[in-house]
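> Provided below for reference: sequence and predicted model.
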Amino acid sequence: EAQVTQNPRYLITVTGKKLTVTCSQNMNHEYMSWYRQDPGLGLRQIYYSMNVEVTDKGDVPEGYKVSRKEKRNFPLILESPSPNQTSLYFCASSSRMKRGTNYGYTFGSGTRLTVV
Amino acid sequence: RKEVEQDPGPFNVPEGATVAFNCTYSNSASQSFFWYRQDCRKEPKLLMSVYSSGNEDGRFTAQLNRASQYISLLIRDSKLSDSATYLCAVARLGFQKLVFGTGTRLLVSP
C-alpha cells in the first residue's frame, strides 16, 4: 500500500531532550515536507526537500533540523524541544510535478507532540 | 494579510444542499492550487487539484480565478459524510512550497 509513515504517533517529552520524528514513504517521491498544525494557525511548513541531500527552510524552521540522506526517509529533529513546539506534526511527500499535472502532497497520519 | 485566506465557518447545511467555499490568495505568482479535506485530528487528504480550466469530480467542482486571485470549491447534493474541514492550498516559488489556508468547516445535518 502506498503510504507515508510517521513514528511515533504520540510523544510526550521534557524540555531540552533531543528527539527525532521519523518519516518514510514507499512511493519513490522526490518531494518531501514537514508541517506543523496549530489551532487558529493552520498548517505551516517547517522544511521541505526536493530530493536527496536537497533541503530548504519553510515558513517556521526555527528549532528544527531535517536531513534527506535517502529518498524514502525525511526525519525531523528537535535538538532542544521547548513547550512552544507542542503541536501536531505532519510529514508529506509528492512526485515531481509533470507538465500540466499537479499531484499534491500525500500526508502521513501525524505525530502529536507534547513538550512539558 | 495572510497569504491564503478562508472563511473559517462553520457552514451548517442540510443534506442535499449545494455549498460553495472560496479561498483568496495574495501572491499573484502562485502556480499550483489544491483543495484538501481534513477530518478531525486526521491527516489532510487531497480532494482535487485546481486548474485554470476548472475541474469536476463527481459532486465536487473546483474553479480558479487568477484575475481576482481566488479559488472556489462547490459541493452539490451534500452528504453527511462531507462533514469535515476543507483546506485550500497554494504553491509559490515551485510546487514544494505549499501554503495552506486555515480551513473552512462544513457540517452537514440530516
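Yep, it's here. Numbers count the residues shown, from 1 in each chain, chains lettered A, B, ... in the order given.

> contacting residues around residue A:37?
Going by CB atoms under 8 Å, 6 or more residues apart in numbering or on different chains, residue A:37 touches A:43, A:44, A:87, A:88, A:89, A:90, A:110. Backbone N, C-alpha and C define where each C-beta goes, glycine included.

> how does it look with 7 Å?
Counting by CB atoms under 7 Å, 6 or more residues apart in numbering or on different chains, residue A:37 makes contact with A:43, A:87, A:88, A:90.

> beta partners for it?
Here residue A:37 sits in beta bridges with residue A:43, residue A:88, going by DSSP bridges.

> From residue A:96, how far off is it?
25 Å (CB to CB, to the nearest Å).

> that's a helix at residue B:81, yeah?
Yes. Remark: residue B:81 belongs to a helix, assigned using DSSP: H, G, I helix; E, B strand; the rest coil.

> Setting aside sequence neighbours, what's the nearest residue to it?
residue B:108 (7.9 Å; CB to CB, 6 or more residues apart in numbering or on different chains).

> Kindly report the same for residue A:57.
Counting by CB to CB, 6+ apart, the residue nearest residue A:57 is residue A:47, at 6.1 Å.

> Going by distance to chain B, which of the contacts of residue A:37 wins?
Comparing these against chain B with CB to the nearest CB places residue A:43 closest, at 4.1 Å.

> Thought residue A:33 was touching the closest one, still the case?
No. Here residue A:43 does not reach residue A:33: they are 10.0 Å apart, not a contact under CB atoms under 7 Å.

> which parts of stretch A:53-64 are buried?
Judged by neighbour count (16 or more other CB atoms under 10 Å in any protein chain shown), stretch A:53-64 contains these buried residues: A:55, A:58, A:60, A:61, A:64.

> Now do the phi/psi pair for the last one.
Residue A:64 has phi and psi values of phi -130, psi 150 when expressed as degrees, to the nearest 10.

> what's the answer for the second one, then?
Taking degrees, to the nearest 10, you get phi -90, psi -140 for the backbone angles of residue A:58.

> Was I right to think it contacts residue A:43?
No. Counting by CB under 7 Å, residue A:58 does not reach residue A:43; the two are 10.3 Å apart.

> Return the residues in contact with residue A:36.
Taking CB under 7 Å, 6+ apart, one finds A:44, A:46, A:60, A:87, A:88, A:89 in contact with residue A:36.

> now, among those residues, which is nearest to residue A:15?
The shortest approach to residue A:15 among these belongs to residue A:87, at 14.5 Å (CB to CB).

> would you list the contacts of residue A:37 in a markdown table and tack on distance to residue B:84, pLDDT and neighbour count?
Listed next are these as a markdown table, based on distance: CB to CB, whole Å; pLDDT from 0 to 100; neighbours: other CB atoms under 10 Å in any protein chain shown:
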| residue | distance to residue B:84 | pLDDT | neighbour count |
| --- | --- | --- | --- |
| A:43 | 15 | 95 | 24 |
| A:87 | 21 | 98 | 21 |
| A:88 | 16 | 98 | 16 |
| A:90 | 16 | 98 | 24 |
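
> Low-confidence ranges, chain B, go.
By pLDDT under 70, the weakly predicted segments of chain B are B:93-95.

> Enumerate the residues of it near chain A.
Contacts of chain B with chain A, taken as CB under 7 Å from any CB of the partner chain, map to B:32, B:34, B:43-44, B:46, B:49, B:95-98, B:100-103.
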